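Asker: got a predicted structure plus its sequence, pasted below:
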There are 2 protein chains.
Amino acid sequence: MNTAEPSAKIDSPVPGPAPAVVKANAVRWGSEIQSSAEQGDLKRFAILRKAAELFNERGFYETSLNELAKRLNVTKPSLYLYFKNKDDILLQILNQATVEFTPAMELAKESDLCGIEKLKIFVLQYTQAMSGVFGKCMVLSGLSPLEPSSREQLTPTFRLLDTFVRNLLAEGIKDGSIAPCDTKIATFSLFGAMHWLARWYRPDGELSPEAIAEQVFLIFETGLRNVRQP
Amino acid sequence: MNTAEPSAKIDSPVPGPAPAVVKANAVRWGSEIQSSAEQGDLKRFAILRKAAELFNERGFYETSLNELAKRLNVTKPSLYLYFKNKDDILLQILNQATVEFTPAMELAKESDLCGIEKLKIFVLQYTQAMSGVFGKCMVLSGLSPLEPSSREQLTPTFRLLDTFVRNLLAEGIKDGSIAPCDTKIATFSLFGAMHWLARWYRPDGELSPEAIAEQVFLIFETGLRNVRQP
DNA sequence: CCTACCGATCGGTAGG
DNA sequence: CCTACCGATCGGTAGG
């Protein structure tokens, strides 16, 4: 008797290809039949989501696969039907994180605005992506627990992310919307601020992710010094 | 049997450069005689330093005590003469980090400047402290690997650090040198930027810690938007 | 799909 | 006699 249906837990505010969630324990031959492949994807995603939650709460190394399995009401060997090993779980979490922050780059790129305005779009989108479970896991667990081979699989994406922002700053400096500055350090400062936010952000806080993102951008946009009253 | 005093306070007056570690097996009655207590302190600090380096390179969990001992040309049991356990090593590293960043608060507080100028002093000092091995370890390893009891021992200091900066911002807003903003988010953004820098900073890079610190502050002080050419 | 169990390696500590 | 340290091995637990 399997009372556990991990896919029933999924509620996905995911920008990416979030699988539509239906009650998986519903009529097996009802109007909304699912192929076993679809069910497998849902289960895989449920594991991914719960794993990210636990990694964020306790840390990657402090979370055992027995614990993860227990929280999903399955047994440890079941996890290996969907993932190669513990490393693979984190890798797929990080892959999901990249899926969720990629629109931030695309939306900024597609817009026909000046540098600082494009940066605003990016910062707002990216910060919100980092407030999700997968984004937070990317910030909190990072790539260091991964085996070198898994890490190398992700580095191109992160390098792209970095150069994207740096180019955006350079573009803004060129079009005059951004003050001349060290784009490398500005880029790192920006990511640092956004990632640090992901660290302490709690969904039950006072401010919404949108409001936080706007405040962060505002500080970087106009600075802290009061120009009117020096 | 534990002969080491894990709770022993770190008396090392070392904000920045570590004491030059001399070969302990050198001339026993040379001109520079050391008491066994002094030798013990030097050895303890040498372990601390090497541990921080390894934790920064590979991570806390990826570094075994055997590996640490090997790199110090001693055996693992020797480590337990100076530390209670692996947890205690990280705890003392973080204690050293707090010793190194505390002057940043004191110097800012002692100065008789306005809010934004005090903030400048703090940011410059703190960023440099974070570019040291102990500061980097604080950022990279963090408090999460610690047992709850060890973590609780440090949280007051970090809470103090946070409120210090937030109060500094409030002070600056009051004296008119800092533009009105959400001090909570500004504080987190600042720490995020400074900590992220510690993450990628390499001593062999182009820019000195001082130059980097100045750039970081400049971005937060004046912002990215070009006010002359809107 | 579960119970049971492995090979490897960890942190920590015994005796000499 | 004490300190520092070694070779050998402990119990416990991780991934699989």
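Answerer: Thanks, I have it.

Asker: switch to C-alpha atoms for all contacts and neighbour counts from now on
Answerer: OK.

Asker: which stretches of chain A aren't confidently modelled?
Answerer: Screening chain A residue by residue with the criterion pLDDT under 70, one finds the ranges A:1-40, A:226-230.

Asker: for chain B, what are the nearby residues on it?
Answerer: Residues of chain A found near chain B (CA under 8 Å from any CA of the partner chain) are A:58-59, A:61, A:116, A:144, A:176-182, A:185-186, A:188-197, A:212, A:215-216, A:219-227, A:229-230.

Asker: where does chain A get nearest to DNA strand C, which residue?
Answerer: Using CA to the nearest atom of the strand, residue A:75 is the residue of chain A that sits closest to DNA strand C, at 4.1 Å.

Asker: got a list of what that residue touches?
Answerer: For residue A:75, the contacting residues are A:66, A:69, taking CA atoms under 8 Å, 6 or more residues apart in numbering or on different chains as the criterion.

Asker: just say helix, strand or coil for residue A:145.
Answerer: Per DSSP: H, G, I helix; E, B strand; the rest coil, the local secondary structure of residue A:145 is coil.

Asker: tell me how far it lies from residue B:67.
Answerer: Residue A:145 is 18 Å from residue B:67, where distance means CA to CA, to the nearest Å.

Asker: can you say which of the residues of chain A next to chain B are buried?
Answerer: Buried members of those, counted by 16 or more other CA atoms under 10 Å in any protein chain shown: A:59, A:116, A:176-179, A:181-182, A:185-186, A:188-197, A:212, A:215-216, A:219-226.

Asker: among the residues you listed, which are located in strands?
Answerer: Of the positions in these, not one sits in strands, assigned by DSSP state E.

Asker: break chain A into its domains for me.
Answerer: Under automatic domain parsing, the residue ranges defining each domain of chain A are A:6-79, A:93-222.

Asker: tabulate those domains in TSV, adding columns for distance to residue B:167.
Answerer: What follows is the domains of chain A, written out as TSV (distance: least, CA to CA, whole Å):
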stretch	distance to residue B:167
domain A:6-79	29
domain A:93-222	17
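
Asker: out of those domains, the one nearest DNA strand D is which?
Answerer: domain A:6-79 (4.0 Å).

Asker: still on that earlier bit, ok, and which of the domains of chain A has the densest surroundings?
Answerer: Sort these by mean neighbour count, taking mean count of other CA atoms under 10 Å in any protein chain shown, and domain A:93-222 sits at the top with a mean of 19.

Asker: OK, contacts around residue A:161?
Answerer: With contact taken as CA under 8 Å, 6+ apart, residue A:161 is in contact with residue A:105.

Asker: picking up where we left off before, any figure for the gap between the residue of chain A closest to DNA strand C and residue B:163?
Answerer: In this structure, residue A:75 and residue B:163 are 45 Å apart, going by CA to CA.

Asker: and if you look at residue A:64?
Answerer: For residue A:64 relative to residue B:163 (CA to CA), the value is 35 Å.

Asker: same thing with residue A:133?
Answerer: The span separating residue A:133 from residue B:163 equals 27 Å under the rule CA to CA.

Asker: again with residue A:52
Answerer: Here the distance between residue A:52 and residue B:163 works out to 30 Å (CA to CA).

Asker: which residue sits closest to residue A:115 in space, ignoring its chain neighbours?
Answerer: What sits nearest to residue A:115 in space, not counting adjacent residues and going by CA to CA, 6 or more residues apart in numbering or on different chains, is residue A:172, at 3.7 Å.

Asker: for that neighbour, grab phi and psi.
Answerer: The phi/psi pair for residue A:172 (degrees, to the nearest 10) reads phi -70, psi -40.

Asker: thought it was touching residue A:120?
Answerer: No. Contact between residue A:172 and residue A:120 fails when scored by CA atoms under 8 Å: they sit 11.4 Å apart.

Asker: give me every residue in chain A lying close to DNA strand D.
Answerer: Chain A has residues A:61, A:63, A:64, A:65, A:66, A:76, A:77, A:84, A:85, A:86, A:87 near DNA strand D, with proximity defined as CA under 7 Å from any atom of the strand.

Asker: okay, the residue in chain A that chain B sits nearest to and residue A:50: tell me how far apart.
Answerer: In chain A, no residue comes nearer to chain B than residue A:223, which is 3.5 Å away by CA to the nearest CA. Taking CA to CA as the measure, residue A:223 falls 39 Å from residue A:50.

Asker: try residue A:218
Answerer: If you go by CA to CA, the gap between residue A:218 and residue A:50 works out to 34 Å.

Asker: list the contacts for the residue at minimal distance from the centre of chain A?
Answerer: Computing the C-alpha centroid of chain A and ranking residues by CA atoms, centre = their mean puts residue A:135 first, at 2.3 Å. Residue A:135 sits next to A:94, A:97, A:100, A:101, A:129, A:198 when contact means CA under 8 Å, 6+ apart.

Asker: phi and psi next, for residue A:141.
Answerer: Geometry field for residue A:141 lists phi and psi as phi -80, psi -40, criterion degrees, to the nearest 10.

Asker: so what's it up against?
Answerer: When the contact criterion is CA under 8 Å, 6+ apart, the partners of residue A:141 are A:55, A:56, A:59, A:60.

Asker: so which of those comes closest to residue B:152?
Answerer: Lowest distance from residue B:152 to the contacts of residue A:141 (CA to CA) belongs to residue A:59, with 17.3 Å.

Asker: wouldn't the closest one be in contact with residue B:144 here?
Answerer: Yes. Using CA under 8 Å, residue A:59 is in contact with residue B:144, at 7.2 Å.

Asker: relative to residue B:62, how far out is the residue lying closest to residue A:87 once chain neighbours are set aside?
Answerer: Computed as CA to CA, 6+ apart, the closest residue to residue A:87 that is not its neighbour in sequence is residue A:146, at 5.8 Å. When distance is defined by CA to CA, residue A:146 is 11 Å away from residue B:62.

Asker: can you check residue A:127 too?
Answerer: 30 Å.

Asker: let me see the contact set for the residue nearest to residue A:222 when sequence neighbours are not counted.
Answerer: The spatial neighbour of residue A:222 that comes closest, neighbours along the chain excluded (CA to CA, 6+ apart), is residue B:223 at 4.4 Å. Applying CA under 8 Å, 6+ apart, we find residue B:223 in contact with A:219, A:220, A:221, A:222, A:223, A:224.

Asker: how near is the last one to residue A:123?
Answerer: The reference is to residue A:224. Counting by CA to CA, the gap from residue A:224 to residue A:123 is 18 Å.

Asker: can you check the first one too?
Answerer: Distance from residue A:219 to residue A:123, counting by CA to CA: 12 Å.

Asker: skipping its backbone neighbours, what lies nearest residue A:44 in space?
Answerer: Spatial nearest neighbour of residue A:44, chain neighbours left out: residue A:82 (5.9 Å); criterion: CA to CA, 6+ apart.

Asker: show me the contacts for residue A:52.
Answerer: Residues in contact with residue A:52 (CA under 8 Å, 6+ apart) are A:90, A:93, A:133, A:134, A:137.

Asker: gap between it and residue A:198?
Answerer: Distance from residue A:52 to residue A:198, by CA to CA: 13 Å.

Asker: also residue A:53?
Answerer: As it turns out, when the distance is counted by CA to CA, residue A:53 lies 13 Å from residue A:198.

Asker: right, I'll leave it there.
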